[in-house]
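>>> sequence and predicted structure are below.
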Amino acid sequence: MKHSINKFYKGISCLSFSMLGLLSVSETTLAQTMNNDTPDLSGFWELPLGSHVIPEASLLDSITPTQMEQIAKHDARAIRWCNMLGVPYIMTQRNRPLEIWAGSNHVAIVAMTKHASPRYAYLDMTDHIDPLIYEPSSTGQSIAYWQEDTLVVDTIGFSGEKGGLAIPGGGFRTETSHLVERFRLINENTLSVVSTWTDENVFAAPHTYEYRYQRLPADYTAPAFMGCDSTDQERTQFLEAAWGGAGSLD
Amino acid sequence: MFAIKKYLVSSLSSIGLVYCCSTAYAQDIPNLTDGFVRVDLEGSGGFDYLTDYIEPAKLTPEAQQIVANLPGRQLGFDYLRESETPKGEGEAYIVTSGVCNYRANTLLQPDSSAFFLTQTERMVILTREEAGVRHIYMDGRAHPELSGFTPDQLGHSIGWYEDGDLVVETVGLTPGGVIAGGYRTPNTVLTERYSLSDDDNRLTVNYTWTDPAIYVEPHSYEVFYERLPSEYAYAYESWCDSGDPLNRTSIIVPEQL
């Protein structure tokens, strides 16, 4: 094992000589395998309190307070039943670090909690999956590309029912929502994610907000999975007392 | 002159070293970033027979006793309990508890639905189409001392590349059953070797469980997977809602004509 690790690091140190410009073949292989030629977003990211700018969303006049109450009740029910909450929840939760792992053909965005279904942003797709084929999901269907130093993740295919629907600043996601996120390193240890939602059925104007994440140390170890027990009666009573009931679909 | 000569020798050595090392590096790292789905090469005929080709684990007498006392399959649902008694019109076959559990074991050994590997320099992750992440540390770190480690369903995994394969070593697992009559404790070492076929599309994973307290000889077997087609293959979301009564059912018997 040590032999291999040594070989691995020897390989990395060899690459530091790549200024000689003699590595075209192997660099291609590395790039294909590891996606090494772009800013290094991979790692564990923590979302500090107050590390965001969230203006109030400009909603359509047709969005009523009653509708927003229904969304809040819907989301309370999703939490009570331990549903995967999807996007935007995973980007805003602080239960576990946000994890970004950039592979050669996709970027995985995950968190060690029962509420977070993995996001896969495909670097090798230029178009979204045909909406006639893709079943709307809590995370939507993401394609991604690099625009200079910024990873742009473009997502459609959201479900208007699955998971948590509320969007920071107001509004909610529907099947017509479109989200564009711009991931950019401000410095080695600070990641800015600027999210812009558009939805002709919810927003009067594009709704943009920003979260900034702090990179956790390289030797960080992932925390244990944060489970969720929908059969826990105490938890159920606590949640239903707080939110006025969030029953099943019975 | 001497300095120039020295510089040239140094540079040429570097070039040689760079070429040599980078070639080796490139060859040593398989491209595993993708989705994979299990294939049944044996044509086993059903989920209950998928592992019949695996040679049963050879256990120590003490471990045989433990495995003999493991709870058997729970026949808790209509289909299994009363498979000979058909339901009436409008009645549902209840097939699960309806509770959406965290299925960590499928991150350790994927079932028949797809799994995804994402490779980075310092980490390889294994994910599914539902919540949960398995971390394989590739940064050269060692396992933690087990005396200070709380065992969990995924344990602690480190990995490295060896002869073009990804090798993963895991310890710190919670006690429990292993395929083909095996057993594990936090001290059991699971070694996985991920090998790609020459065309990169067939993934063979060799699983070897080693623990002298449990196994007379290492319990080793292979499971086979195929890479998802690259063009427009994508991860599905395996949706599960414990609050939806339909989540417990398979079919509701329709009106009979």
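Now that the structure is in, tell me what you want to look at. Residues are numbered from 1 along each chain as shown, chains lettered A, B, ... in the order given.
>>> let me see the backbone angles for the spatially most central residue of chain B.
Compute the mean C-alpha point of chain B, and by Cα atoms, centre = their mean the closest residue is residue B:109, 2.9 Å away. Dihedral pair for residue B:109: phi -140, psi 100, per degrees, to the nearest 10.
>>> who's in contact with it?
By Cβ atoms under 8 Å, 6 or more residues apart in numbering or on different chains, the contact list for residue B:109 reads B:179, B:207, B:223. The C-beta positions use only the backbone N, C-alpha and C, and glycine is treated the same way.
>>> among the residues you listed, which one has the lowest pLDDT?
When the contacts of residue B:109 are sorted by pLDDT, the bottom entry is residue B:179 at 92.
>>> burial check on that one, number of neighbours?
16 (other Cβ atoms under 10 Å in any protein chain shown).
>>> next one: the one 3 residues further on
Using other Cβ under 10 Å, residue B:182 has 24 other residues around it.
>>> identify the bridge partners of it.
Beta-bridge partners for residue B:182, by DSSP bridges, are residue B:178.
>>> let me see the contact set for it.
Listed by Cβ under 8 Å, 6+ apart, the contact partners of residue B:182 are B:57, B:59, B:67, B:209, B:214, B:215, B:219.
>>> what bridges to the second one?
On DSSP bridges, the residues paired with residue B:59 through beta bridges are residue B:215.
>>> that one touches residue B:68, doesn't it?
No: if you go by Cβ atoms under 8 Å, residue B:59 and residue B:68 don't touch, sitting 9.7 Å apart.
>>> more neighbours: the two, which one.
Using other Cβ under 10 Å as the criterion, residue B:59 and residue B:68 rank with residue B:59 on top: 21 against 9.
>>> how about residue A:235: what's its closest non-neighbour residue?
residue A:229 (6.7 Å; Cβ to Cβ, 6 or more residues apart in numbering or on different chains).
>>> how about residue A:71?
residue A:172 (4.6 Å).
>>> what's the distance between residue B:117 and chain A?
Computed as Cβ to the nearest Cβ, to the nearest Å, the residue B:117 to chain A distance reads 8 Å.
>>> now that residue, what's its secondary structure?
strand (DSSP: H, G, I helix; E, B strand; the rest coil).
>>> ok so, going back, make JSON lines out of the contacts of residue B:109 and add distance to residue A:146.
Converted to JSON lines, the contacts of residue B:109 look like this (distance: Cβ to Cβ, whole Å):
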{"residue": "B:179", "distance to residue A:146": "41"}
{"residue": "B:207", "distance to residue A:146": "37"}
{"residue": "B:223", "distance to residue A:146": "35"}
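>>> between those residues, which sits nearest chain A?
Of all the contacts of residue B:109, residue B:207 has the smallest distance to chain A: 17.3 Å, by Cβ to the nearest Cβ.
>>> just the C-alphas of the strand or helix carrying the closest one, formatted as PDB.
Here residue B:207, judged by DSSP states H and E, is contained in strand B:202-210. Extracted in PDB, the C-alpha atoms of strand B:202-210 (Å, rounded to 0.1, in the frame of the first residue of the first chain):
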ATOM      1  CA  ARG B 202     -17.000  -3.800 -17.200                       C
ATOM      2  CA  LEU B 203     -16.200  -3.200 -13.500                       C
ATOM      3  CA  THR B 204     -15.200  -6.200 -11.400                       C
ATOM      4  CA  VAL B 205     -15.100  -5.700  -7.700                       C
ATOM      5  CA  ASN B 206     -13.300  -8.300  -5.600                       C
ATOM      6  CA  TYR B 207     -14.400  -8.200  -2.000                       C
ATOM      7  CA  THR B 208     -12.300  -9.900   0.600                       C
ATOM      8  CA  TRP B 209     -13.200 -10.100   4.300                       C
ATOM      9  CA  THR B 210     -10.300 -10.900   6.600                       C
END
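>>> from memory residue B:253 sits against residue B:87, does it?
Yes: proximity of residue B:253 to residue B:87 meets the contact threshold set by Cβ under 8 Å, at 4.9 Å.
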